[in-house]
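Trainee: A structural model of the following input is requested.
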Amino acid sequence: MALVKCRRFPGSLCGAPPSPAVVRLHINQQLPGRTCEDWAPTAGTTSTDTRTAAPLTSLKPLGHRALCGPAYSAAQRVAYWNVGSCAWPRGQTPRGHRSLCHPANRVESIGSTSSSRRVLTTSSALLGLESSRAPAFKASPLKPGSPRALKADEEDVEVFDSFEEPRVFLRLRPEYQLHSYNKSEPQQPLSVSDSDLILHKVRVHRDSLQPRTIADHLCRLSAVPAEQRPVLRSSASFAVLCQLSVKNIQLLDVPDLIGIMKAFVSLGIPHSHPMLDVYETRFCHEVWDMSVDQLLLVADLWRYLGRRAPRFLKLFFSYLNLRWKDLSLSQLIHLVYIIGESRQAPPDLMQKLESLVLKYIDLINLEEAGAICLGFFKSSSTLSEFVMRKIGDLACADMQHLSSYALVNILKMFRFTHVDHVSFMKRFGQVAPQRIPSLGVQGVMHLTLACSALRVLDEGVLNAVAASLPPRVAHCRSKDVAKFLWSFGTLNYKPPNAEELYSSLINEIHRKMPEFSQYPEHLLTCLLGLAFAETFPAQLIDFALSPGFVRLAQERSQFELTKELYTLDGSVGVECPGYRGSRLSSHLQQEGAARLWNLARKDMTSKPEFLEALFLLEAVLGGPQYVKHHMILPHTRSSDLEVQLDANMKPLPFNREATPTEDGAAFKLKHVGVSLTDDLMNQLLRGKSGRRCYEETESEAGQQPVELEREGAARPLGTSLHSVTGGSGPTEAAAHVKLAVQLTNRNQYCYGSRHLLGLHHMKRRQLGRLGYRVVELSPWEWLPLLTRTRLEKLAFLHEKVFTAAL
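Mentor: Model prediction:
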């Protein structure tokens, strides 16, 4: 290993300003064989800036194992029930955890005598629950106006409680209290002496405690002060009480079970504890005898415990499939929230819930609208365009009172459904710039991504985003950096502070390389967004196209990234002729080209307007050998109609797939239409052409089928080239002209404008570098012509081709 200081000098970026940042990395001496681990800074070489220290810390899951054996000592039995020894942060399961005892097996026998002999041993390095649930930001007393106070205010903007924030809507109606858990509801505190007395009773009367008494003890113990809860969870008597609750679980009724679940939430029982398997099984048996309010409350408690409870939810959703019509407004909104947080829902149930949303749409408040959108978005369930327009109308009417969180959630659903609500986006453009400075980076990312997904180029919003990012770019995750670069690149927009913005984001990519190695798709998204903006960081591209990272992207990512790699590689090949770094292998290049060509060919040949343009262009030029439908730049993901003209502006028969064979037989063209004379062209351009049908014009012209010899055949253009060029044509020595005829659609432009999106702008830029002239058949020109006569279409194409050739 060698310590190398990598400095980015002015020549290290293609099209990007030099960055003064210095990144110190441990890399292998053999650079071509390096892997993603080579980018991970060590503690001794990383910057001491506290803003970047956290992302560079390598965290490894703490391992633990589950042992199933016959006889164990009493101390080991207590260790199994010691709920303080296996605590994990809410909603997080250690990756290395692989229990040797399947949960289903434990559920069946955990209440038996042998269940008390099972033991769960954990690593002594495990963190306690009290430390794993520490708040993300702790305020300390600071003097107002001091630098530290200002910095604390900036960090306050980034504080976001991903658990409590989505539950804000539950405070807006009293009905929610019937089927949701409120951790802040008043509870009479239990003194330490009283808790010790309860635990003493458990030790003394453990064999004679009734099920109702066990439930009452657990509920009362949940009221101990917060600082005493870790001690209680580690108590042997409390472990015995939990064991007794499992042993007598069949004798507990639903209210007692719910009370115990509330106690578990208050006491912070870890979601991975095996006894919760037994409680989930017990609730599964009771689903069909419980009310909707009880079921929602139990689902909410599972959510608070951080446990998915898939078996319970599956039965719950089956129950609702039969009784969905009876759901009240508050039950509906709460259910959609539960579905979103569980990330699962039967599609047929979601369709039924959508009809209920439409039923209650006039009674829904703004925060509930945001909750509905978030629930459907997280469960990957769509909402109809009609419902989305209703929600958009609701938000538009009072957007100034819509919380930023709800606004982001509604935008997520507009992005997911691709509904273009013009009034909503216009009002959003008025409100968002003022909110962006006080919105966390993740929220700003979602606003920006929604603009790019909906193709809405709002300079006010994007300028506000660009101005707010550089000072707090250290708060960005790898995903945030990727989405920001992708959004600005996709919209093909460079803000006034583009140099500062791109420099700060590129520096952040370097600082977060270990994180990008875990999510390879984010690095490729970053580099493609930069490529759209004509910025190519050579060092990052060299790493992204290296064999090690390519292999990593194919193995680790849940996405197929071959197309992204091929697009990046092809763009570098065209726009960075001096680049000498890593490139994709020929095998991957061929694979990417084949995939993209199949997609583009199927897409274009399924469009009648494209097929008509192709056939008419062949008619104008003289046959299929003068036009070739292919991908001039395969990595740009769209096809073109290539035309080549010689120095005299005459078409060249370059399409070998349509030219005569080597046997020398004459190639007969079918009748291609009328001759385009100067008089006819002038009439068409002046709008005085007759409305005669194609057959009449053809018979009057008396044109005969044209026979072309294999070499040196005349072109059936039927027009004087001198009249087209307006004078003597180019000299014979001039190079021939290559045209790329593109039939575009509105999705290639920003919404409601003629501003090309980043990918298509990059394609035209690269075609120009290769010597092509782009001939655009735009949707606002070509589509209206489809209802006109054949002559008018031919005249239009003739003018387009030969005017561009000049």
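
Trainee: When you work out contacts or count neighbours from here on, use the C-alpha atoms and nothing else.
Mentor: OK.

Trainee: which element follows the strand or helix carrying Leu407 toward the C-terminus?
Mentor: Secondary structure here is read from DSSP states H and E; on that basis Leu407 sits in helix 404-417. Toward the C-terminal end, the helix or strand that comes next after helix 404-417 (DSSP H and E) is helix 422-435.

Trainee: tell me which strands and helices that following helix is in contact with?
Mentor: Here helix 422-435 is seen to pack against helix 385-397, helix 459-468 when contacts are counted using 3 or more Cα pairs under 8 Å, 6 or more residues apart in numbering; DSSP states H and E.

Trainee: right, and these - which one's nearest Arg788?
Mentor: Evaluated over the helices and strands packed on helix 422-435, closeness to Arg788 peaks at helix 385-397, with 32.9 Å, by Cα to Cα.

Trainee: Which other helices and strands does the closest one contact?
Mentor: Partner elements for helix 385-397 (3+ Cα pairs under 8 Å, 6+ apart): helix 366-378, helix 404-417, helix 422-435.

Trainee: Single out the most deeply packed of those helices.
Mentor: The highest mean neighbour count among the helices and strands packed on helix 385-397 belongs to helix 366-378 (a mean of 25), with neighbours defined as mean count of other Cα atoms under 10 Å.

Trainee: Give me the contacts around it.
Mentor: Counting by Cα atoms under 8 Å, 6 or more residues apart in numbering, the neighbours of helix 366-378 from elsewhere in the structure are 166, 168-169, 333, 336-341, 343, 382-383, 391, 394-395, 402-403, 405-410, 412-413, 416.

Trainee: all strands for the stretch 701-806 of the chain, in order.
Mentor: Counting by DSSP state E, counting those that start in this stretch, one finds strands in the stretch 701-806 of the chain at the ranges 707-708, 737-743, 772-777.

Trainee: which one of the ones you listed is the most hemmed in?
Mentor: Note that of these, strand 737-743 is the most buried (mean count of other Cα under 10 Å), with a mean of 21.

Trainee: Could you list the residues in contact with that strand?
Mentor: Under the criterion Cα under 8 Å, 6+ apart, residues 610, 632, 639-647, 649, 771-779, 801, 804-805 lie in contact with strand 737-743.

Trainee: what's the angle between it and strand 772-777?
Mentor: Angle between the axes of strand 737-743 and strand 772-777 is 30 degrees (criterion: axes from the mean of the first three to the mean of the last three Cα atoms, to 10 degrees).

Trainee: so what strands line up beside strand 737-743?
Mentor: Its sheet considered, strand 737-743 pairs with strand 640-645 (antiparallel), strand 772-777 (parallel) by DSSP bridges.

Trainee: Quick one: those strands as JSON lines, columns for mean pLDDT too.
Mentor: Listed next are the strands paired with strand 737-743 as JSON lines, based on pLDDT from 0 to 100:
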{"stretch": "strand 640-645", "mean pLDDT": "92"}
{"stretch": "strand 772-777", "mean pLDDT": "93"}
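
Trainee: and the ones you listed as CSV, adding distance to Leu353?
Mentor: Written out in CSV, the entries for the strands paired with strand 737-743 read as follows (distance: least, Cα to Cα, whole Å):
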stretch, distance to Leu353
strand 640-645, 45
strand 772-777, 44
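
Trainee: So which elements touch the lengthiest helix in the chain?
Mentor: For the chain, the helix reaching the highest residue count under DSSP state H is reported as helix 586-605. Contact here means 3+ Cα pairs under 8 Å, 6+ apart; on that basis helix 586-605 packs against helix 562-575, helix 608-621.
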